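> Need a 3D model of the following:
(2 chains)
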Amino acid sequence: MLVTTDATWTAPKWPGPCVRVFFPEHNATPADIDAFRKRDIVFEFTRSEPGIIVLQGVLDRLDHFQQFAADDVLFSKAALSSTSLAAMVDRVERDPWLIEGQYDPLDGSLSALVLGRNVTGHPLFVTFFRNLSRPSALEPEAVVDSMKIYLGPELSDQEGE
Amino acid sequence: MMLDEIWREFVGEQIFAARPDFRFDRKFYLSNAPDVAQSGVDPAAHFEKVGKREGRPPTMYRKLAKSIKTLDKSLLQLAAEPRIREAIIEGQEDAAELLFELMMLGDPVDMTVSHFSRTYYLLSNPDLRQADVHPFLHFIQHGMKEKRRSLNDIRQNRYVGRQAFDPNLPTCLICVHEFSKTGAPIVGLDLVKSAAETQNVVVAGLRSGQLLESFLDHAVEVLVSENPNEDFPYMQAMALQHADFAILNSVECFPFAKFLVKEGVPWASYLHEYTDYTLPAYKCIFMALFSDYLVFSSNQVYKSWARLLADIDFDVERDSMIVPQHEYHVGSVKADEYQSALDTLSALIGIDCSKRRVVLGAGHVQWRKGTDLFVLAAQIARGRSDDSVFVWIGDGQNHEDVHFGVWLDKHMREADANVPGGTLHFLPAGPYYKDLCKAADAFFLSSRLDPLPNVVFDAAQNGCHTVLFRNASGFDDPTYTEQPSVTVVEYGNLEAACDALLSIPKKEPGPEVETTAASTQTGSIFTTIQQALQTRIRSQDHFVVGGGDYDVPILFPGEDIFAAVRRAERDKIWSYKRRFVWRSLRAAQTELAASDNWVHKNSRIEQFAHLGDEKTPQYSVHIHAHYTDGLGGDLLYYKALRNAERLVVTTDSDTKERQILHIARDAGVDVEVIQMGNTGRDILPFMRLFSDGYADENSVWCHIHQKKSIGTMRSGETWKKFLLAILLGDDQGFSRALQDIARPEIGLVAPFDPYQVGWAGSRRILPRFENHFDKPLPEHPIVFPVGNMFWVRGQVVTQMNDLFGPNYPWPNEPLPNDGTEFHLIERLWPAAAVLSGYQSLFLEKANQERG
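Numbering: from 1, shown residues only, chains lettered A, B, ... in the order given. Next comes the predicted model:
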């Protein structure tokens, strides 16, 4: 599943459904929204939100609507080049435990996050996001680090022992 | 020693480090001993050396124990942690203190060790939230005596079902309004039985009843609560946490909606009730707004919901379906059973039924079931011949019930009901029901409005022919009326009903027919509903998140603690593209601009502003003051009221007139008081200013009123402030509305309301007035002066008067809450403005609390 806040990104090659996220500043009309709904799942946020909060909202709704499947997940604020996208697909296919965050060098906000299917298939994956508080979303790097601890292979292996 | 270990176990490292001994609370001690705090002496040492001797309490428990002699006894009632409870029972020293001090820690320790939760106590007692008291101390000192609820009261209503929870199965929640052995709960039980074949089933009811044990047989957990949202999180309901979806069986399950919206659990509502008698109307509105999917038991029931669904833009095709609770089977009765049933009936009512037509009626005795019509039909039939006997089976006869029973009882006596050998009889519900179904030739469904009563299914299975009124029940649908055994007659036409009934021959006993009892046929209904809901939610491709610009209460109240769930409820409505609250000013403007309706094309929305130094035009103000309190404050506060050229106050008595003159004198304002009868709420007195010559149609007026009614005092006050702030401004300045109404193209200026209010009950009478307009009125008003306060030109008021004419028979008080001419007028102002050649302007003030 791909989650992106970039409405101009056409036909990104990522496996699974594409979730388009619109903020008020996108000025999307009802007709725009309906056009995207023909191929994508559309999320309209009534105010701009940081990436972690976007993911929290998307995962929570899709889980309740029985549409979330444990698969490779990519969140990306902006369109990625086909080369870097292909490289990401390659990395996550080879490493289902992949948790890889990318941050804006200017403000430290989350610009991309790749999660392998073993991570998203963790029984506490959606719960992890649901339990995140709004302030924690302002420190995305810390969130990604704690994700590695709680949802990564080490703890899961220990739990399995 | 064990008590200390329990303390350590529950408090966590941080608290334990600061307070290793529950018997001494450093913070508490210092707050009670400012002298010690000032001295800088170690409080624990002070207590040991001095405080103990002086009798200073080291903990809140010790302080309270001095004044509340029954404290330990109360604590024992609340103890849930088995070791602590045992220790208190054994009289172990300090055990009660340990429990008390743990409970003082609040959420989540209190609800784990005891049957008290600070959070629950505040949630379930809004008055205490307002009072800002310490919840546990309030409960232990006052709440217990006041019989306020603790977790004890709710946890005893959680029952462990006889089915084991299987983590590999999905879990569904099935809600019924009560566990009584009546229509909807029986349908609910059938749903549960069917669901249990593939699911972990949690059953929830608002009230318990005879069916509890039956529900326990099939459920993993059964919960009973009239306040599910408040109680469920504290009931230690383990299986409930896994609920993937829910089915609410009956509109009366409306109280479960809050819990499900808060938890984000999708649900289908299975609706059997007509909106006509499901009151207050908000129950239906909220069920339609928040259910992910609606299932109607019949097309007739759906039709009664159609107007309401149109108001909220409910997508009927996408989000609803019709599923009868039973299949209609026509069967027959074996000869020996038929004869036996006739013998039983003949003996019961003292007349030989073997040669007579038996007409059956059934249900709880009441207006809705048309029991009185059944009696009338029996009288008409008797006048024609004595070959029929009418028998009603059902409870509810009460000759002391002034609403219905008294009058039915009189009627029954005059109609010789229950006279041995007579042709009209009443029997209580119970063991004779099966015999009656077998003995009856005809079933007369005399109901005035009845969804799909099971008795008709039963009658059909027993070979009865059914006669029913048009538009009176779910059986008036081709599914049933195309059956040769069903006859439909004009609504309320008893002559026609008797014609039909008396033409029905005595039934012929038949061979043994394999028919399934109606009440066991709902197995597939659960699957049908589950699959429809699942398909619906899995196809959802549009989600709205964030709550939008207007944080107004819907299911949840307006307090800050509910802000997140209020966002969730708005998000859900918008995700399904339903309407109840606007998302933003832009969304409202876009929708208005997109409409091609003539009223909408002449309406616009702009942002509120205060006037600067601009000169205001001349204007008058009308205040209708049915209640006079609050008037003085308004006259003193709003600059625009004091600045009016004329200030006219209407009221309905000499006493109020004197009060108003007194109030105005005290406020230093000149008012004209005009007495008018208490008809037409606030609006007719205003319209009569123009028709009765008090106001000139070329003048500009602001119409306001006290916005007050019993039961809505607080929210009404907030709403009134909202309206007046937009219309008038405040004590310092004027609203831009004063200048807007003087714009040559504008005839109406009103507040823009964050709620999207539709025609609602006005649709009932709208057809009577639609022919006054050359072009059709809009399907949804989109904007109108919600609250009926506005600025208006006199010509627009004259236009409104003309719509109704000079001799209109206005209804008198008391009036219903919606659906009168006065509620319709509120919605017609923009249309009246257009007919007068003007446009309407609505002003948005996002930062003003709407309430």
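
> Where does chain B get nearest to chain A, which residue?
residue B:546 (3.5 Å; Cβ to the nearest Cβ). The way it works is simple: take the backbone N, C-alpha and C, and place the C-beta from them, glycine included.

> Within range of chain B, give me the residues from chain A.
A:24, A:29-30, A:33, A:37, A:40-47, A:49, A:57-58, A:60-61, A:64-67 (Cβ under 8 Å from any Cβ of the partner chain).

> rewinding a little: let me see the contact set for the residue of chain B closest to chain A.
A:45-47, A:49, A:57, B:567, B:571 (Cβ atoms under 8 Å, 6 or more residues apart in numbering or on different chains).

> Pick out whichever of the residues you listed sits closest to residue B:797.
residue A:46 (38.4 Å; Cβ to Cβ).

> okay, now the closest one: neighbour count?
When neighbours are defined as other Cβ atoms under 10 Å in any protein chain shown, residue A:46 has 21 of them.

> List phi and psi for it.
The phi/psi pair for residue A:46 (degrees, to the nearest 10) reads phi -80, psi 0.

> how close does the closest residue to the residue of chain B closest to chain A other than its chain neighbours sit to residue B:336?
Nearest non-adjacent residue to residue B:546, counting by Cβ to Cβ, 6 or more residues apart in numbering or on different chains: residue A:46, 3.5 Å away. Using Cβ to Cβ, to the nearest Å, residue A:46 is found at 71 Å from residue B:336.

> Which strand or helix spans residue B:119?
helix B:118-123 (DSSP states H and E).

> now swap in residue B:27 and tell me
helix B:26-32.

> Tell me which other helices or strands the helix or strand just after that helix touches.
Going down the chain from helix B:26-32, the next helix or strand is helix B:34-39, by DSSP H and E. Here helix B:34-39 touches helix B:26-32, helix B:43-46, going by 3 or more Cβ pairs under 8 Å, 6 or more residues apart in numbering or on different chains; DSSP states H and E.

> quick one: buried residues of helix B:34-39?
residue B:36 (16 or more other Cβ atoms under 10 Å in any protein chain shown).

> can you give me how far it is from the chain middle?
Relative to its parent chain, helix B:34-39 has a centroid offset of 55 Å by Cα atoms, centre = their mean, to the nearest Å.

> And for stretch A:96-103?
With Cα atoms, centre = their mean, you get 10 Å for stretch A:96-103.

> I'd like the average pLDDT over that stretch.
In this model, stretch A:96-103 has a mean pLDDT of 96.

> And stretch B:758-768, by the same measure?
94.

> Same check on stretch B:176-184?
Rounded mean pLDDT across stretch B:176-184 is 92.

> cool, and stretch A:26-39?
Mean predicted confidence for stretch A:26-39 is 93.

> still on that earlier bit, please identify which of the helices and strands packed on helix B:34-39 is closest to residue B:134.
helix B:26-32 (12.2 Å).

> list the contacts for residue A:45?
A:21-24, A:54, A:57, B:544-546.

> Kindly recompute the last result at 6 Å.
Contact analysis of residue A:45 by Cβ atoms under 6 Å, 6 or more residues apart in numbering or on different chains lists A:23, B:545-546.

> Sounds good, over and out.
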